[in-house]
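Participant: Mind looking at a prediction? Sequence and model below.
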Amino acid sequence: MKRFLLFPTLFCLSAVLISGCASTEQTNSESDQTESTKSASSEQEQTKENAEEENVEQQEAEEKQAEKQEEQQEPQYKVSEVSSIVPIDDANAQVALLTFDDAPDKHALDIAESLKEADAPAIFFVNGHFLTTDEEKETLKKIHDMGFAIGNHTYSHANLNDLTEEEAKEEIIKVNEQVEEIIGEKPEFFRAPFGENTDYSRQLAEDEGMTVMNWTYGYDWESQYQDSDALADIMVNTELLGNGANLLMHDREWTAQAVPNIVTGLRDKGYELVDPETIERPS
């Protein structure tokens, strides 16, 4: 009799164990499903947040562009035939424009940060061969995002007089395309290497919506001024400084070190630093 009772008991225990395992598997399955749901929900929330951030950034960019266009409708200055900055109507005549060529090589970001700290506007004229790596592209974007104007200084810094029209076109247009891809807009100004424009390059630049300019004076490529103190002194005290002076500097270490003193020195002499956005563009 006891032997017969043993089998039902074992059967019941097996059923209980099987039921327990099934229950555990179901619980685990439900837990996995819950985690999967949470993960999917988290991903959806992150995607939504990213989309919202992109929308905000796009809206800010559009607002900034609209403000820029509004400012451009009423320019306060124009560039003369000798590249000085000439006031329109009753704009302040005692002004100077800061420009930096051959960017962004090694020191452009340092220069931009010093200018930003001093609330001093400027134009950075870029070469396309300095815009080939991710780091260089990011540097240009940072400079632009700080509010500085970007100019086209050709791709390889070749003398345009030595090129065919097709070669000159490639030198100029390629940089416009590079800059637009990086910052979302084309350069606003054009400066030919060595100041050597041709009739073709000048017309092409204007057709591309860029204001063409050379400069009034510059010294930082001369050996005796490859020192920050000497450079700051000559840039502020040269007899060539006058109303509307267009100051040429470069992406160089000694120039970067001299920038704060140049800005202070010009202002101490009563010069206002021209905001490039107030300069007239080609119609």
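Facilitator: That came through fine. Numbers count the residues shown, from 1 in each chain.

Participant: What are the buried residues along stretch 236-254?
Facilitator: Within stretch 236-254, the residues that qualify as buried are 236, 241, 244-252, 254, counting by 16 or more other CB atoms under 10 Å. Where C-beta positions appear, they are placed from N, C-alpha and C, glycine not excepted.

Participant: Likewise for stretch 80-95?
Facilitator: Going by neighbour count (16+ other CB under 10 Å), the buried part of stretch 80-95 is 83-87, 91, 95.

Participant: tally of neighbours for the closest residue to Asn152 other than its chain neighbours?
Facilitator: Spatially, and ignoring its direct neighbours in sequence, Asn152 is nearest to Pro187 (4.1 Å; CB to CB, 6 or more residues apart in numbering). Pro187 sits with 27 neighbouring residues when counted by other CB atoms under 10 Å.

Participant: For Pro187, give me its contacts.
Facilitator: For Pro187, the contacting residues are 126, 150-152, 175-176, 179, 210, by CB atoms under 8 Å, 6 or more residues apart in numbering.

Participant: possible to save those as CSV with pLDDT?
Facilitator: Converted to CSV, these look like this (pLDDT from 0 to 100):
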residue, pLDDT
Val126, 98
Ile150, 98
Gly151, 98
Asn152, 98
Val175, 98
Asn176, 98
Val179, 98
Met210, 98
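
Participant: which of those residues are buried?
Facilitator: Among the contacts of Pro187, those classed as buried by 16+ other CB under 10 Å are 126, 150-152, 175-176, 179, 210.

Participant: From those, pick the one nearest Val79.
Facilitator: Met210 (11.0 Å; CB to CB).

Participant: any idea which element the residue nearest to Leu163 when sequence neighbours are not counted lies in?
Facilitator: Spatially, and ignoring its direct neighbours in sequence, Leu163 is nearest to Glu171 (6.8 Å; CB to CB, 6+ apart). For Glu171, the host element (DSSP states H and E) is helix 165-183.

Participant: Then Asp105?
Facilitator: Counting by DSSP H and E, no helix or strand carries Asp105.

Participant: for it, what are its contacts?
Facilitator: Contact analysis of Asp105 by CB under 8 Å, 6+ apart lists 130, 251.
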